[in-house]
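Engineer: Give me a model of this one.
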Amino acid sequence: MAEAQHQLEHFKDGTCLLWVTLALARLNHMLPPDSQALDLFLNHNDAWALRLRNALDAVVRGFTDPNETEFWDALGPDHASVLVSELLRTALNYYQDLDEEFTFLRSNFKAFHNRIQAARVQHATDTFGALGMACTIAGQVSKLLKPRMSKVFITINTMRENLGQEEFEADLAVYARDEAVVLPTNIELFIREQTGLLSRSLGSTAIDVDIFVKVIQAALRTHILAALDVLLRSLGAFASNGILATSLRTRQNLQIFYRNIARFFSHASPLLSDFWPSENDHEEDAFEEYSLDDLEDVLIGPDSVDIDELSISVSHDPATDCAVCFDAYSTLPKLACAHEYCEECLNTQLGTHHACRYRCGSCRAEFFSGCTK
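Structural biologist: Numbering: from 1, shown residues only. Purely as a prediction, here's the structure:
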């Protein structure tokens with residue numbers, strides 16, 4: 001019953017994208033970072049933190065896209081469902097007794113996943129398409145900020161009338177920074193109130209209503225300051241004789257402003273920017289050169305090493321190419337440095353007693369920390 005109410009009240013329109021973005025950002029903050037998860041795996045024989053981190057990473061990478069061209073609704077339903085199920089499976093092994101906050105956050109994502117699957121999205125601009133949901137969020141942002149923005153324009157026009165150009169420009173820059181602190185408060189209040197309702201609808205009475213606000217506060221202010229600067233410059237506020245709030249130009253630029261803020265709660269959210277593809281990921285000419293001396297560091301390690309001792313098995317759908325032989329595999333061993341090779345290539349390296357057999361073939365990270373001769 002709570003699940004049905006939850007979906008009815010908070011996942012009945014495109015604002016559901018806001019809640020799943022916040023849930024993924026909060027989950028990312030909750031779970032051990034990659035470095036800690038790798039340390040637990042390599043030095044404490046505990047692989048569950050790394051497996052849970054990998055499961056969440058796979059979900060977020062399937063969700064986020066800075067260019068807003070690839071979305072969760074574009075994933076095949078079977079693949080998307082596997083990612084959601086794997087997140088729960090690894091969490092059960094990591095937490096043993098599931099953490100209530102994790103359960104609440106995952107329930108948000110599961111409800112979003114179910115809603116998108118049921119909507120049968122045909123185009124990104126559909127109601128539950130990625131762009132359609134972002135527009136719905138922009139409408140909500142407009143409701144929250146429109147009264148304050150009217151006051152902002154009045155204040156700027158008053159400053160324009162009473163100050164010289166040089167003083168006006170300096171004061172306007174300061175005023176914009178101050179407003180970047182004030183404007184988010186209405187959004188934060190909305191999120192805080194709705195988090196309370198959302199948690200109660202799920203029966204999660206112990207959830208702190210500030211869990212999402214704590215994640216977004218600093219980043220949201222930075223984001224709004226940048227969006228406000230773009231708005232003011234688009235309106236010529238620094239050089240004009242004033243801003244006509246009712247003009248078509250102003251109204252159009254305000255809609256762009258609200259849409260820019262809505263991006264913060266969308267597939268393109270900077271909260272998830274750590275998962276965006278690197279600009280160098282596909283540079284064919286980018287490689288690292290090593291001198292002969294660099295390659296002479298013989299690594300001391302066991303006479304024989306099993307793949308399971310230095311990697312974990314990671315599933316891929318669709319299949320992913322091995323970094324050495326380029327054959328496609330649905331399951332690949334993943335090293336501590338995050339590079340993946342097929343078992344045949346990795347076994348070949350481990351069985352060949354050359355100087356660097358205990359280094360990753362791509363980045364030369366050591367398999368056994370601190371064992372360089």
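Engineer: L38: helix or strand, and which one exactly?
Structural biologist: helix 34-44 (DSSP states H and E).
Engineer: Following that helix in sequence, what is the next regular element?
Structural biologist: Downstream of helix 34-44 (by DSSP H and E), the next one is helix 48-63.
Engineer: Just list the residues touching M30, thanks.
Structural biologist: Counting by C-beta atoms under 8 Å, 6 or more residues apart in numbering, M30 touches D99, E101, F102, L105. Using the backbone N, CA and C atoms, a C-beta is placed for each residue, glycine as well.
Engineer: Take those residues and keep only those in strands.
Structural biologist: Residues of those located in strands (DSSP state E): none.
Engineer: who wins for neighbours among these?
Structural biologist: Of all the contacts of M30, the highest neighbour tally under other C-beta atoms under 10 Å goes to L105, namely 24 neighbours.
Engineer: Any figure for the gap between it and E169?
Structural biologist: 44 Å (C-beta to C-beta, to the nearest Å).
Engineer: Repeat that for T158.
Structural biologist: Taking C-beta to C-beta, one finds T158 at 15 Å from E169.
Engineer: And these two? Which one has more around it.
Structural biologist: E169 (14 against 11).
Engineer: Can you mark which positions in the helix or strand encompassing that one are buried?
Structural biologist: Per DSSP H and E, E169 falls inside helix 165-201. Applying a neighbour-count criterion of 16 or more other C-beta atoms under 10 Å, one finds 168, 172, 175-176, 179-180, 183-184, 186-188, 191, 194-195, 198-199, 201 buried in helix 165-201.
Engineer: That helix packs against which elements?
Structural biologist: helix 2-10, helix 130-162, helix 211-234 (3 or more C-beta pairs under 8 Å, 6 or more residues apart in numbering; DSSP states H and E).
Engineer: on that earlier part again, what is the helix holding L38 packed up against?
Structural biologist: Using 3+ C-beta pairs under 8 Å, 6+ apart: helix 34-44 touches helix 48-63.
Engineer: hmm, who's touching the helix it packs on?
Structural biologist: Contacts for helix 48-63 (C-beta under 8 Å, 6+ apart): 20, 24, 27-28, 31-34, 36-38, 40-41, 71-72, 75, 79-80, 83-84, 86-87, 89-91, 93-94, 109, 267, 272, 275, 312, 314, 334.
Engineer: Tell me which entries of the residues you listed lie within helices.
Structural biologist: 20, 24, 27-28, 34, 36-38, 40-41, 79-80, 83-84, 86-87, 89-91, 93-94, 109 (DSSP state H).
Engineer: Select only the buried ones of those residues in PyMOL?
Structural biologist: Buried residues among the ones in helices among the contacts of helix 48-63 (16+ other C-beta under 10 Å), as a PyMOL selection:
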select buried, resi 20+24+27+28+34+37+38+40+41+80+83+84+86+87+90+91+94+109
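Engineer: Which pLDDT value belongs to the nearest residue to P184 once chain neighbours are set aside?
Structural biologist: Once flanking residues are discounted, P184 sits nearest to L220: 4.8 Å by C-beta to C-beta, 6 or more residues apart in numbering. Looking at L220, its pLDDT reads 96.
Engineer: ok, L220 to P77 distance?
Structural biologist: L220 sits 33 Å away from P77, going by C-beta to C-beta.
Engineer: the more surrounded of these two?
Structural biologist: Applying other C-beta under 10 Å to L220 and P77 shows that L220 carries more neighbours, namely 22 against 12.
Engineer: ok, the more buried one touching L183?
Structural biologist: No - counting by C-beta atoms under 8 Å, L220 does not reach L183; the two are 9.1 Å apart.
Engineer: quick one: T331 is in a helix?
Structural biologist: No - under the criterion used here (DSSP: H, G, I helix; E, B strand; the rest coil), T331 is strand, not part of a helix.
Engineer: contacting residues around the residue lying closest to D229 once chain neighbours are set aside?
Structural biologist: Once flanking residues are discounted, D229 sits nearest to A176: 6.3 Å by C-beta to C-beta, 6+ apart. By C-beta under 8 Å, 6+ apart, A176 lies in contact with L225, L228, D229, L232.
Engineer: Now do the contacts for the first one.
Structural biologist: In this case it means L225. With C-beta under 8 Å, 6+ apart, L225 has these contacts: A176, R177, A180.
Engineer: ok, now Q255?
Structural biologist: Here Q255 is in contact with A138, S142 (criterion: C-beta under 8 Å, 6+ apart).
Engineer: Three-state assignment for I207, please.
Structural biologist: coil.
Engineer: What distance do you get for it to L197?
Structural biologist: I207 is 11 Å from L197, by C-beta to C-beta.
Engineer: again, but for T69
Structural biologist: For T69, the distance to L197 - C-beta to C-beta - is 33 Å.
Engineer: out of everything not next to it in sequence, what's closest to T195?
Structural biologist: V209 (4.7 Å).
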